[in-house]
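[1] Structure, please.
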Amino acid sequence: MLRSPLNLLLSACLALLLGAIVNPPEAGAAGIGVHDAWARATVPGQPSAGGFLVIENSGQSDRLLAARADVARAVELHSMVMQGDTMRMRRIEAVDVPAGGAVELRPGALHLMFIGLHAPLNAGDAFALTLRFERAGEVVVQMQVMPMGHRGSGHGAHGGAAGGK
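    From the prediction side, this is the model:
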């Protein structure tokens, strides 16, 4: 039996729809949650600032690949590593977020660096940060700007132990 192109197209659409119902998308995209997002205030002329947050993942393992914010020319993922007796900051390509786990980006460990600030970050202000995950896609969070001496919430959730690659 010959089928018209329209019938073939409708059949293909129906098959795709039924496939999506029977095999729904993986739950990883909805599993990412971000909280305690903050950045340190800066002084005029300071070119960069640190950013910190907690990523919780109730879905499949994922990876934080990149971030962006309008307050800076670039946002980089960084880790702190001991090199001899000196702590050094290094740019990393990604941060692993384990399935059913969490990662804390905190001072002295994994963190974000806002490079090339367009203006000082003032305590009490807030700005949007877009995080890009391998599975979950883009997640937008509000970063609160905290005073320069602020060290975070102090709960030490999960210690930022997930490694970068």
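[2] my guess is V140 meets F133, correct?
    No. The pair V140 and F133 does not pass the contact test of CB atoms under 8 Å, sitting 11.9 Å apart. For the C-beta atoms, the positions are set from N, CA and C on the backbone; glycine is no exception.
[3] What residues of the helix or strand harbouring A49 count as buried?
    Assigning secondary structure by DSSP states H and E places A49 in strand 48-57. Buried residues in strand 48-57, counted by 16 or more other CB atoms under 10 Å: 49-57.
[4] can you tell me how far the residue lying closest to A67 once chain neighbours are set aside sits from N122?
    For A67, ignoring the flanking residues on the chain, the nearest one in space by CB to CB, 6 or more residues apart in numbering is V75 at 4.1 Å. When distance is defined by CB to CB, to the nearest Å, V75 is 18 Å away from N122.
[5] same deal with L110?
    Distance check for L110 against N122: by CB to CB, it reads 25 Å.
[6] Name all residues that make contact with the residue nearest the centre of the chain.
    When CA atoms, centre = their mean is applied to the chain, the residue found nearest the centroid is L131 (3.7 Å). Contacts for L131 (CB atoms under 8 Å, 6 or more residues apart in numbering) come out as 34, 55, 64, 66-67, 138-141.
[7] one more time with 7 Å, if that's ok
    Counting by CB atoms under 7 Å, 6 or more residues apart in numbering, L131 touches 34, 64, 67, 138-139, 141.
[8] Any quick ChimeraX command for the buried ones out of these?
    Typed into ChimeraX, the next command selects the buried ones out of those (criterion: 16+ other CB under 10 Å):
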select :34,64,67,139,141
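[9] how about JSON lines for the contacts of L131, with pLDDT added?
    Supplementary listing: the contacts of L131 in JSON lines, determined by pLDDT from 0 to 100:
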{"residue": "V34", "pLDDT": "96"}
{"residue": "L64", "pLDDT": "97"}
{"residue": "A67", "pLDDT": "98"}
{"residue": "E138", "pLDDT": "96"}
{"residue": "V139", "pLDDT": "96"}
{"residue": "V141", "pLDDT": "96"}
